[in-house]
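Trainee: got a predicted model here, sequence first, then my questions.
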Amino acid sequence: MTFINKVKIKICGVTNGEDVRLVCNAGADFLGLLLDVPSPRSLTLEGVESLSKISSVPVVILFSDAETEKILNAVETIRPYAIQLQGSEPPEMIIELRKSVATEIWKALHFPAQGDDVVPIEEAKQMMKEYATAGADKFILDTVVVRGEKKQQGGTGRTHDWGLAKELVVLSALPVFLAGGLNPENVCEAIEKVRPYGVDLSSGVEMSVGKKDPVKVQSFITRARGCTA
């Protein structure tokens, strides 16, 4: 067996200074802050700027179908390591952003929760190709859950098809994070099955919405670092 020691870990949806320090001290590689996302974990520009200043690890700011001007303003103000497009942004938006920003651009791709629906592999491959060509730097494979007319992209606490995720990781020209329903109990299985560049989670290490659990955070990171494939 080969030990996976370099899997990257992103803890997302951090909302307060105590949790920023917790995530950084526990050994995460990236800190995710929500700025324009339909989530109770979303912050104001001032809140994101304040938390970014005390982070000792690279900060990724998440947006969901935000206006280009708002994204550019946030990048200019905060100067994050990366911005993550978490909504239904088209490849053309990445092309437009590339004209003005040098920061990394990560694109989340959302797939139905396990058992809800099936996504044709060719459709997923074409989608990744278009975003990569537009200038994306990394992908996040996340879960989408539809409840009536409402669509929740990310933060669902549910996994998607890891078999599909594994195929996309192999085929992708860019590094791929696996997200969606991860927690300390299943992270090793996820890494062993999918072999992603990194893992990304929010609700899986919370004690309540927007508040991280120190035990769960440390357990997740320890297990992700120590599992094998």
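Mentor: Arrived safely, thanks for sending.

Trainee: show me where pLDDT drops low in this structure?
Mentor: 1-5, 113-120, 144-157, 228-229 (pLDDT under 70).

Trainee: helices of the chain, start to end?
Mentor: Under the criterion DSSP state H, the chain contains helices at 17-26, 45-54, 68-78, 91-98, 121-134, 162-171, 187-194, 214-226.

Trainee: these: which one's closest to Phe111?
Mentor: helix 162-171 (6.6 Å; C-beta to C-beta). For glycine as for every other residue, the C-beta is placed from the backbone atoms N, C-alpha and C.

Trainee: tell me the gap between the closest one and the middle of its chain.
Mentor: The chain centre lies 16 Å from the centre of helix 162-171; the measure is C-alpha atoms, centre = their mean, to the nearest Å.

Trainee: contacting residues around it?
Mentor: 111, 119, 121, 124-125, 128, 139, 141, 176, 178, 190, 193-197 (C-beta atoms under 8 Å, 6 or more residues apart in numbering).

Trainee: out of the residues you listed, who has the most neighbours?
Mentor: The most crowded member of the contacts of helix 162-171 is Leu178, carrying 30 neighbours; neighbours defined as other C-beta atoms under 10 Å.

Trainee: residues in a beta bridge with that one, which ones?
Mentor: Leu141, Val199 (DSSP bridges).

Trainee: touching, it and Ala190? I think so.
Mentor: Yes: in terms of C-beta atoms under 8 Å, Leu178 counts as a neighbour of Ala190; the distance is 5.8 Å.

Trainee: who touches both of the two?
Mentor: With C-beta under 8 Å, 6+ apart as the test, Leu178 and Ala190 both reach Trp162, Pro196, Val199.

Trainee: got a markdown table for those, with distance to Ala102 too?
Mentor: Listed next are the shared contacts of Leu178 and Ala190 as a markdown table, based on distance: C-beta to C-beta, whole Å:
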| residue | distance to Ala102 |
| --- | --- |
| Trp162 | 34 |
| Pro196 | 25 |
| Val199 | 26 |
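
Trainee: for the residues you listed, which one is nearest Glu92?
Mentor: Pro196 (26.7 Å).

Trainee: OK, contacts around that closest one?
Mentor: Val7, Leu141, Ala165, Val169, Val176, Phe177, Leu178, Ala190.

Trainee: quick check, the last one in contact with Asn183.
Mentor: Spelled out, that is Ala190. No: the pair Ala190 / Asn183 is not scored as a contact, 9.5 Å apart, by C-beta under 8 Å.

Trainee: on that earlier part again, for Leu33, find the nearest of the helices of the chain.
Mentor: helix 45-54 (4.8 Å).

Trainee: what comes into contact with the closest one?
Mentor: Residues contacting helix 45-54 (C-beta under 8 Å, 6+ apart): 14-17, 20-21, 31, 33-35, 43, 59, 61, 73-74, 77-78, 80.
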